[in-house]
Every structure is written in structure tokens, then in C-alpha cells.
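[1] structure for this input, please:
(one chain, ligands or ions: 1)
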Amino acid sequence: MGYGKSEDDLPARRKRAVQGLLDRNASIIQALAVLGELRGSCGPSSAEHALFVEARDNLPVMSVFAGAEEQQLEGGACNASISSEAACRGEAGDKSMPESGGQALGKPQAIGEPDNGGCQQGVLETSDTFPRVASLASWGGSGLQRACSSMASLHSLPSLRSWAAEFCKYQGLGNDFILVDNRHQKEPVISPEQAARVCDRNFGVGGDGVIFALPAETGSVDYAMRIFNSDGSEPEMCGNGIRCLARFVADRDGSGPSQHRVGTLAGLIQPSILEDGQVCVDMGEPILEGPRVPTTLPPTQGHAVVRAPLEVQGREWLMTCVSMGNPHAITFGTQSGGFQVADLDLPDIGPVFERHQVFPARTNTEFVEVLDRGHVRMAVWERGAGQTLACGTGACATVVAGVLEGRTERKCRVDLPGGPLHIEWRAADNHVFMTGPAELVFSGTLQL
Ligand SMILES: N[C@@H](CCC[C@H](N)C(=O)O)C(=O)O
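    Numbers count the residues shown, from 1 in each chain. The predicted model follows:
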């Protein structure tokens, strides 16, 4: 688009572009093509811009608002007497043609207001430097078409950031996530508070967390991952989530079976998409030292906390504590014996473990029934997400705990409420491998 072109032919090109836009009954993409032209000529890339296109006496009239200031870009009257907020919302008073010489426009953050009334909205696939969010409103009767858009990248625009974002929903054994391709910028386009709202199963999309593909910060990874739990807290890692993320990135990039190096708060994690669509993840090494899990329960086996007694609701549970980057407390039963997973009331007991004082960073808790040495059944209460259908890091931590307690082999199938995961804690290099599914559920646009 307009970069690198000489200044002198801009008005003509602009006029042609705008006329074409109006002739073709403006689409968002066309509006943005015009914006691209303008951007090369009239504004700093980090500023916020709003573009208004009107047909007046068969002449295209454009107004661009950079910050709180308006710049006239086309001949003729180009002031709008309405606020940009009203324009985007399509409010009643907004439906008349703007008067020339009107009042100053409202603050630009109004562009991003979520309640846009009659506007059509779209979120665009664009490069870093081009407009990301556009809103287009049409007034057939008056012949006015108005486009407003941001010309800045979203991270410099918190207000627009809070407006809309493309997402795909994936699930791994029913552990479901809202995935956002955030590789164009370092900061997630959705805040922890917004993540909590969109994860709500009644008032939002519904999910156990929001996961972002972020740009690689070093050459040793392909991209990075961050995740917000459904309560808005940020864990270090997510096993089912990273399988979903690898599938999401591969689906977007059209890469099929592939190996990924992902930077996480728990270090390098390496998922591979297999020929059959399953995802096998090298989850790295488990952390067993109590303070690093973290737990204040005393070590019982070298530095590790294995079968340490913990009183919860009047019973003494035996806990083994393992970090897979994020903290897990695993129990196979109490001093008086095991349990059947189906008999547990997780919403009652889970939060007590999660917030027990011996877990300073809170904890995920796994309740495990051994079926045989290569096969266990597990239910989970997740930190920050509650009862979920599956937990990948939890399944890995469970097998590590099973080996430490002498209950399972290093290679073990873990049955979760959402289905099975295959786990191997390799003796050769101390790495844990997890294999399981990740499926696209649907995609959409979040209005935040
Ligand atoms: N479901 C995840 C774990 C997500 C993070 C967890 N809730 C935490 O706070 O540590 C998984 O599959 O591992």
C-alpha cells in the first residue's frame, strides 16, 4: 500500500480510492485499503486514527482523526458534527449527514466502544503495521457511508484492544481453550479480566482458559505461549493447552505434522503434531524439590515430598507434590486407604486443597485410583479453573507421583473424565512425554 510512494500523487490516488470505495458500496477491506494509503501520508504509525468517508453531492469527503485532532484530507467540508463514539454506535442523532464546521470530536477511545448499535464490525487479518480493527456503518437512505478504524497496532491502543479479537476454540479431552494468534505483538490483546469474562460459560464464549501464541523472544523457540486461567490468573504451563496451541498454530500456518519449540513460563516445551493428528509433547523434566513446587510440606524422599500427610476436612490425605512448571499435589488416598474417583465431591473438597496454606502459589490437585501398574483413573481440581474434564500437566505429574510412590510404571495410561492421555516419564533423560488429542471446536470474533 502507500508506503514509499511520493507525496504529490497522494490526493489523486486518495480520491480515486475513496470514489472506488463509495462506488463499490464500501467493504471493510476496501476501507482499509484507503486507510493504508492515508497512513503513508498523514500520521505516525503509533497514533490512533479514525477515518470517516461520506458521499456528499456525489463527492467523496473524508475526515481523519489522529488522537483528538482532526486532519482534513480531502477538499470540501470534512468536519463531522457528531462524536466518533456516536458514529460508531450508529445512534439516532448520528444518522443525519454531518454538518460542516462542527464541534471537536470526542476522544478517540470512543471508536472502540463495544456497544456499536447498528454498525457492522469486523476484525481483520492484517500485518503488524496495518489497521487491525475496523467498523463500518452504512446509511442507505442518506447515501452516507462512514468507516472508522484504528490505524495503529492494538498494543498501543488499550481501548481498541478491549474491543474485538479473533479467536478459535480448541479442546483437548474436553479441557477447552480460547486461542488467540497474538504473534504480531508481545502483549496479549486480551487482559486477564477480559479472559475471565470470555471464559464464563453463561456470559462468555466459555472455556477453561485463554491461550495466546506470542512472538518468539529468542531464536531457540518458534513462538511463545501464555495462558490465563478462567479466573484470570496466569499459570506457568498447560499440557492440554499446549497441544491445542500447537494444532492452532499449525492449522493457521497450514503446516500439518510438525515439530514446535514453544517458550513458556515453565521453559522450553516441544509439541509435535503426529501423522494421525494426535499431539505428543516433550514436557521437560518434573521438579520435585518442595520449595520449588512450591509447597511447605516437608521432604520425605530426598528433596521430594512423597506421601506427606495433610489434613483436609478431618481426614489425613497422603500427598505427593510435583511441579511440571505449574504446581500439582497428587493423592492416591488417605491413611486409611484409597478411594473411588467417582465418589469424590470435588467442588466441595477441591478448593480446600487449592488454597491450603501449605501451597503458597495455590495448587492443582489430582485424585487418583490405580487400575493396574500401567493404567490409572484420575480426576482433577485445577487451580484457577476448578473441576475440568482433563489436565495434561496433572496427568504427567500423576505418573511421576505414581512412580515415586512405587504404584505405576513409567509408561502409563491416565483416564480422565474427558478421555485418556498416554504418559511416559523417560528414565534416559528424565523428560516426561504426553500424547493426546487437540481439536478445533469453532472460531469467531470476541466483542469485549
Ligand atoms: N489444564 C491445564 C493446566 C492449566 C493451568 C492450571 N489451571 C494452573 O493454574 O496451573 C493442563 O492441561 O495442564
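
[2] which residues of this protein lie near the ligand?
    175, 229, 235, 238-241, 326, 364, 382-385, 388, 391-394 (C-beta under 6 Å from any ligand atom). Every C-beta, even on glycine, is put in place using the N, C-alpha and C of the backbone.

[3] mind listing which of the residues you listed are in helices?
    Among those, DSSP state H puts 239-241, 392-394 in helices.

[4] shouldn't residue 292 be in contact with residue 324?
    No. Residue 292 is not in contact with residue 324 according to C-beta atoms under 8 Å; the separation is 11.8 Å.

[5] these two: who's more crowded?
    For residue 292 versus residue 324, the count of surrounding residues by other C-beta atoms under 10 Å is larger for residue 324: 29 against 12.

[6] and that one, backbone torsions?
    Summarising the backbone geometry of residue 324 under the convention degrees, to the nearest 10, its torsions are phi -110, psi 40.

[7] nearest residue to it other than its sequence neighbours?
    In space, residue 324 comes closest to residue 393 once its chain neighbours are excluded; the distance is 4.0 Å by C-beta to C-beta, 6 or more residues apart in numbering.

[8] tally up the residues packed near residue 300, please.
    Using other C-beta under 10 Å, residue 300 has 18 neighbouring residues.

[9] my read: it touches residue 310, true?
    No. Checked against C-beta under 8 Å, the pair residue 300 and residue 310 is beyond contact range at 11.8 Å.

[10] buried residues in stretch 245-264?
    Of all the residues in stretch 245-264, those buried under the rule 16 or more other C-beta atoms under 10 Å are 245-251, 260-264.

[11] need those residues in a markdown table with secondary structure and pLDDT, can you?
    As requested, these are exported to a markdown table (DSSP: H, G, I helix; E, B strand; the rest coil; pLDDT from 0 to 100):
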| residue | secondary structure | pLDDT |
| --- | --- | --- |
| 245 | helix | 98 |
| 246 | helix | 98 |
| 247 | helix | 98 |
| 248 | helix | 98 |
| 249 | helix | 98 |
| 250 | helix | 98 |
| 251 | helix | 97 |
| 260 | coil | 98 |
| 261 | coil | 98 |
| 262 | strand | 98 |
| 263 | strand | 98 |
| 264 | strand | 98 |
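
[12] nearest to residue 437 among these?
    Residue 437 has its nearest neighbour among the buried residues of stretch 245-264 in residue 247, at 8.9 Å by C-beta to C-beta.

[13] I'd say that closest one and residue 441 touch.
    No. Under the criterion of C-beta under 8 Å, residue 247 is not in contact with residue 441, lying 11.2 Å apart.

[14] quick check: neighbours shared by the two?
    residue 170 (C-beta atoms under 8 Å, 6 or more residues apart in numbering).

[15] I'd guessed the residue nearest to residue 324 sits against residue 239; true?
    Yes. Between residue 393 and residue 239 there is a contact at 4.2 Å, judged by C-beta under 8 Å.

[16] anything in contact with each of those two?
    Where contact means C-beta under 8 Å, 6+ apart, the residues bridging residue 393 and residue 239 through contact with each are 283, 324.

[17] low-confidence ranges, the stretch 51-200 of the chain, go.
    Low-confidence segments of the stretch 51-200 of the chain, defined by pLDDT under 70, are located at 51-163.

[18] which residue does it have closest to the ligand?
    residue 175 (4.8 Å; C-beta to the nearest ligand atom).

[19] any idea how many residues pack against that residue?
    Around residue 175 there are 30 residues (other C-beta under 10 Å).

[20] could you do residue 336 as well?
    Look at residue 336: counted by other C-beta under 10 Å, it has 8 neighbours.

[21] need the pLDDT of it.
    In this model, residue 336 is scored at 92, pLDDT.

[22] now do residue 48
    If you check residue 48, the pLDDT there is 38.

[23] so where do the helices sit in the stretch 301-448 of the chain?
    346-354, 392-404 (DSSP state H, counting those that start in this stretch).

[24] one more: the stretch 151-300 of the chain?
    Across the stretch 151-300 of the chain, reading from the start of the chain, the helices by DSSP H, counting those that start in this stretch fall at 158-161, 192-199, 239-253.

[25] could you tell me the angle between the last one and helix 392-404?
    Think helix 239-253. Computed with axes from the mean of the first three to the mean of the last three C-alpha atoms, to 10 degrees, the direction of helix 239-253 lies at 140 degrees from that of helix 392-404.

[26] got the CA coordinates for helix 239-253 in CSV?
    The C-alpha trace of helix 239-253 is given here as CSV (Å, rounded to 0.1, in the frame of the first residue of the first chain):
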residue,chain,number,x,y,z
GLY,A,239,-0.4,-29.5,29.0
ASN,A,240,-3.8,-29.8,27.1
GLY,A,241,-3.4,-26.2,26.2
ILE,A,242,-0.1,-26.6,24.6
ARG,A,243,-1.4,-29.4,22.4
CYS,A,244,-4.3,-27.2,21.4
LEU,A,245,-1.9,-24.3,20.8
ALA,A,246,0.4,-26.4,18.5
ARG,A,247,-2.7,-27.5,16.5
PHE,A,248,-3.9,-24.0,16.3
VAL,A,249,-0.6,-22.6,15.0
ALA,A,250,-0.2,-25.5,12.6
ASP,A,251,-3.8,-25.0,11.3
ARG,A,252,-3.2,-21.3,10.8
ASP,A,253,0.1,-21.7,9.2
